[in-house]
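[1] Pasted the sequence and its predicted model underneath.
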Amino acid sequence: MKTLLGTLFLAVTSLSAYDYALKPVRITSDVTCFFGKPEIMDKTNNGNIVNSCYIDAGEGYVVVDTGPSYAYARSAYKAMQKIKSLPVKLVINTHIHDDHWLGNNFFTDSGVRVLSSDDFKVNADMSIPTRMQTYISPEAYAKTKPTLPSEMISSDTNLTIGNQRLELKFAKHKAHTAKDLVVYLPKSKVLIAADLVFNDRLPSVRGGDINGWIAALDDLDKLGARHVVGGHGERTDKEAVKMTRDYFTQMRTEIRAAIAEGLSIDETIKKVSMDKYKKYKLYEGTHRHNVEASYRVLEWE
Ligand SMILES: [Zn+2]
């Protein structure tokens, strides 16, 4: 009987405390990130498909993106406390996609400020069940409550937290979303570029704009970052931006040529298959939608 009760207790506690077992990766002495898998969310990865980072500001951490669930945010927090026990001073959400901010309430429950763009007021999908809730396991999603940022900004903002200067910069035009925020740390020359930069898997421009995206990457180049952490993918050197830039640049050239030839959208999707990208994850589910969305932008030029 005792054993049965013990087993039941264990089953119940493990149900209420799903552990993502996230592995911290040190980028510089003051920036540590967690890298998600290059996959679509499901009940195996439980939404651990996204990157998030902790900035050590001396007196505390600044967290950039909180992941797909409360349990994800808790796992990341616990892993960081093992490295250095510091309070979280501020959370930043880079954009409205729910794999980047559904962990917010892990922090707001203890009164931490969450800062992001005012795009949350307009475009954040607050419908219940959330997209994430539909695709990941209830154990992983437990305790998650979609929680909007407590402070929203509409233009570039510089902050000083502890010993860090943080430059929060907006893409000038619609790019991956209507308003994409990046975080640049001049001290260590780390750029947390969020979903303006993908590697290992194809980026998605649905809901965005191919021209704005390429222009945003050109602007990011001017920062002179030494380390670039994208929203998806593990590459963080200066070449981290290359895959996303090359992919969209080639796509734009080929779609413009197809439009000039008078090809329809269906003919263009067939023609612009960009076969060398087939080796990347998510090609099947993403590429044709990227061509379709970009055709609709470029046909008006
Ligand atoms: Zn995104």
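    Cool, the structure landed.
[2] how near is M274 to N45?
    26 Å (CB to CB, to the nearest Å). C-beta here means a position set from N, CA and C on the backbone, and glycine is covered the same way.
[3] Who has more neighbours out of those two?
    N45 (19 against 16; other CB atoms under 10 Å).
[4] thinking that one is in contact with G36, fair?
    Yes. Between N45 and G36 there is a contact under CB atoms under 8 Å: 7.5 Å.
[5] Pull up the residues of the stretch 1-150 of the chain that are close to the ion.
    When proximity is defined as CB under 5 Å from the ion, the stretch 1-150 of the chain approaches the ion at H97.
[6] What is the burial count for L166?
    The number of residues packed near L166 is 22, by other CB under 10 Å.
[7] Please read the previous query as pertaining to D118.
    Residues near D118, counting by other CB under 10 Å: 14.
[8] check contacts around it.
    Residues near D118 by CB atoms under 8 Å, 6 or more residues apart in numbering: M152, I153, S154, K179.
[9] quick check, nearest of those residues to the ion?
    Set against the ion, the nearest of the contacts of D118 by CB to the ion is K179 (11.7 Å).
[10] In the chain, which strand is the longest?
    strand 190-198 (DSSP state E).
[11] avg pLDDT for whatever helix or strand comes next after that one?
    Per DSSP states H and E, the first helix or strand lying C-terminal to strand 190-198 is helix 210-221. Helix 210-221 comes out with an average pLDDT of 97.
[12] for helix 210-221, packing partners?
    strand 190-198, helix 242-260, helix 283-298 (3 or more CB pairs under 8 Å, 6 or more residues apart in numbering; DSSP states H and E).
[13] Of the ones you listed, which stretch is the most buried?
    strand 190-198 (a mean of 28; mean count of other CB atoms under 10 Å).
[14] so where do the helices sit in the stretch 1-150 of the chain?
    Secondary structure of the stretch 1-150 of the chain (DSSP state H, counting those that start in this stretch): helices at 2-16, 70-83, 104-108, 119-123, 131-135, 138-141.
[15] Of these, which shows the lowest average pLDDT?
    Mean pLDDT, when computed for each of those, is lowest for helix 2-16, at a mean of 50.
[16] Next up, identify which helix or strand the residue in the stretch 201-301 of the chain that the ion sits nearest to is on.
    Among all residues of the stretch 201-301 of the chain, G231 sits closest to the ion, at 5.9 Å; criterion: CB to the ion. G231 is part of strand 227-232 when elements are defined by DSSP H and E.
[17] and the angle for that strand with helix 210-221?
    Following axes from the mean of the first three to the mean of the last three CA atoms, to 10 degrees, one obtains 150 degrees for the angle between strand 227-232 and helix 210-221.
[18] what's strand 227-232 in contact with?
    For strand 227-232, with CB under 8 Å, 6+ apart as the criterion, the contacting residues are 27-28, 31, 33, 36, 38, 49-51, 53, 65, 94, 100, 188-201, 203, 220, 236-238, 240-241, 244.
[19] swap the cut-off to 6 Å and go again
    27, 33, 51, 53, 190-195, 197-198, 201, 236, 240-241 (CB atoms under 6 Å, 6 or more residues apart in numbering).
[20] Which strands border that strand, and is each parallel or antiparallel?
    Its sheet considered, strand 227-232 pairs with strand 190-198 (parallel) by DSSP bridges.
[21] May I have the strand it pairs with as CSV, with CA atoms only?
    Only the C-alpha atoms of strand 190-198 are listed here, as CSV (Å, rounded to 0.1, in the frame of the first residue of the first chain):
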residue,chain,number,x,y,z
VAL,A,190,26.1,40.0,-28.8
LEU,A,191,23.0,40.4,-30.9
ILE,A,192,20.0,38.5,-29.9
ALA,A,193,18.2,38.7,-33.3
ALA,A,194,15.3,36.5,-32.5
ASP,A,195,13.3,35.4,-35.5
LEU,A,196,15.0,37.7,-38.0
VAL,A,197,17.7,35.0,-38.0
PHE,A,198,17.1,31.3,-38.5
